[in-house]
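>>> following is a predicted model, sequence given first.
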Amino acid sequence: MSDLFPDSLPAAPDPDALREDAPLADRLRPRDLSEVVGQDHLTGPEGAIGRMVAAGRLSSMILWGPPGTGKTTIARLLADSVGMRFASVSAVFSGVADLKKAFAEADKAAEAGQRTLLFVDEIHRFNRAQQDGFLPFVERGTVTLVGATTENPSFALNAALLSRAQVLILQRLANEALDQLLERAEHLEGALPLTPAAREALVATADGDGRFLLNQAETLYNAKIEEPLDPAALGAFLQRRVAVYDKDREGHYNLISALHKAVRGSDVQASLYYLARMLTAGEEPRFLARRLIRMAVEDIGMADPQALVQCMAAKDAYEFLGSPEGELALVQACIYLATAPKSNAAYMAMKSSFKSARETGSLMPPQNILNAPTKLMKDIGYGSGYSYDHDAEDGFSGDNYWPEEMEPQAYYQPVERGFEREVRKRLDYWDKLRRERQ
């Protein structure tokens, strides 16, 4: 299974009923939605799942998220929370016969007044025809479908199926959530045989995967280690590189800060040094890929729009090649960023436009640019006087697009560097035409 807790055990049994030799992750599985870590945006009182449970009725849904984030666990607890029968199939191991059996059992349960939640793990692995087979049973309410996938549903699932299910996105577990899992493990099994720095390194290696973290912890418990391991010894024991962090984690944050500032300062040599420091220390490459992407949009932006493309390609290349081959793609992206022209104009535009949006509330756009799909809306002026820019001279009407109660703003101010120099010329040209035509 690719999830935090398996679907081969009941959702909320008496913990004493579990075998003593059951995997640690099984013994620590949540027994209530409130115990699920890292997904409060869904399971909390204001989250989509929290609201459905409070109402006592579930709609079909697709749980989309990385491995080890709790998709199977949430599905089981959902059924228990609203008193539904739980049934599950895995697209990895199941075929048409298994689906027919699951639907027949759901039909029989419905005749007895029992609703069924059908959990489909790795639902994206079913082909298009098999996915279409779910539709009639979902439409007539035979089952409430809960699918789990690690793939983007927009590409992996039929549009017809997506239109009948709500897509809920699970987040990779943050370090705080992973810490909670380790605390639960230590409450059950005792302190891990690790120094504080090694414990932090263990969390870092999990990269948001709770199941992986608990499996690594169980390996440490089973080894009966007498003296606490430091980060280097932990890496040697697990045969997996772990980042070397000092006790207050300053080393980790100091290095990523140094990398970001060296890239921003266009010092390609220093940028490569700090990137190498983190990679050779065992930093998770995906973390570095995410930070490089952030640098591309925060510090380069429209000065070189290809910077973001390069970073996304580097991330994909690393996912395809893995370590150590894929790390060269991260090095290439780092070089590109450090040598690219710099601008934070897009970043500043985002901050100022978001601030303005919060302050102005729900001002209506001017009527001339409102959509008018009905006769009534046309009669009251929606869309009246709209100038179609392609019909205007130079393809530019110069109309005012701002709410009547609001003065036009200037959030985006491109710099005189890189591609933004050309963007600046365009804005100046349109401003000149706008003044002439208004």
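Looks like it arrived, so ask away. Residues are numbered from 1 along each chain as shown.
>>> pretty sure E416 sits against R424.
Yes. Proximity of E416 to R424 meets the contact threshold set by Cβ atoms under 8 Å, at 6.5 Å. C-beta here means a position set from N, CA and C on the backbone, and glycine is covered the same way.
>>> more crowded one of those two?
Higher neighbour count among E416 and R424: R424, with 16 against 11, using other Cβ atoms under 10 Å.
>>> the stretch 51-200 of the chain: helices as residue ranges?
Ranges of helices in the stretch 51-200 of the chain, per DSSP state H, counting those that start in this stretch, are 71-81, 96-111, 128-132, 135-139, 153-156, 159-162, 175-189, 196-206.
>>> take those and lay them out in JSON lines including mean pLDDT, mean neighbour count and distance to T43.
As requested, the helices of the stretch 51-200 of the chain are exported to JSON lines (pLDDT from 0 to 100; neighbours: other Cβ atoms under 10 Å; distance: least, Cβ to Cβ, whole Å):
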{"stretch": "helix 71-81", "mean pLDDT": "91", "mean neighbour count": "25", "distance to T43": "7"}
{"stretch": "helix 96-111", "mean pLDDT": "87", "mean neighbour count": "14", "distance to T43": "25"}
{"stretch": "helix 128-132", "mean pLDDT": "84", "mean neighbour count": "14", "distance to T43": "26"}
{"stretch": "helix 135-139", "mean pLDDT": "87", "mean neighbour count": "14", "distance to T43": "23"}
{"stretch": "helix 153-156", "mean pLDDT": "81", "mean neighbour count": "14", "distance to T43": "20"}
{"stretch": "helix 159-162", "mean pLDDT": "88", "mean neighbour count": "15", "distance to T43": "22"}
{"stretch": "helix 175-189", "mean pLDDT": "92", "mean neighbour count": "16", "distance to T43": "12"}
{"stretch": "helix 196-206", "mean pLDDT": "87", "mean neighbour count": "22", "distance to T43": "20"}
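>>> mind putting the ones you listed in JSON lines, distance to R434 included?
Converted to JSON lines, the helices of the stretch 51-200 of the chain look like this (distance: least, Cβ to Cβ, whole Å):
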{"stretch": "helix 71-81", "distance to R434": "51"}
{"stretch": "helix 96-111", "distance to R434": "60"}
{"stretch": "helix 128-132", "distance to R434": "49"}
{"stretch": "helix 135-139", "distance to R434": "51"}
{"stretch": "helix 153-156", "distance to R434": "37"}
{"stretch": "helix 159-162", "distance to R434": "41"}
{"stretch": "helix 175-189", "distance to R434": "49"}
{"stretch": "helix 196-206", "distance to R434": "52"}
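>>> of the ones you listed, which approaches E420 most closely?
helix 153-156 (31.3 Å; Cβ to Cβ).
>>> ok now the closest one, how far from the chain's centre?
Chain-centre distance of helix 153-156: 14 Å, with Cα atoms, centre = their mean, to the nearest Å.
>>> identify the residues contacting it?
The contact list for helix 153-156 (Cβ atoms under 8 Å, 6 or more residues apart in numbering) reads I62, W64, H124, T149, L162, V167.
>>> run through the residues that contact the third one.
Going back to what we said before, that points to H124. By Cβ under 8 Å, 6+ apart, the residues touching H124 are A91, T149, T150, E151, P153, A156, L157.
>>> for the third one, phi and psi?
So that's T150. The phi/psi pair for T150 (degrees, to the nearest 10) reads phi -100, psi 0.
>>> so it is in contact with G65, correct?
Yes. Using Cβ under 8 Å, T150 is in contact with G65, at 7.0 Å.
>>> can you pick out the residue with more neighbours from the two?
Set side by side, T150 and G65 show more neighbours around G65, with 23 against 18, by other Cβ under 10 Å.
>>> no further questions, thank you.
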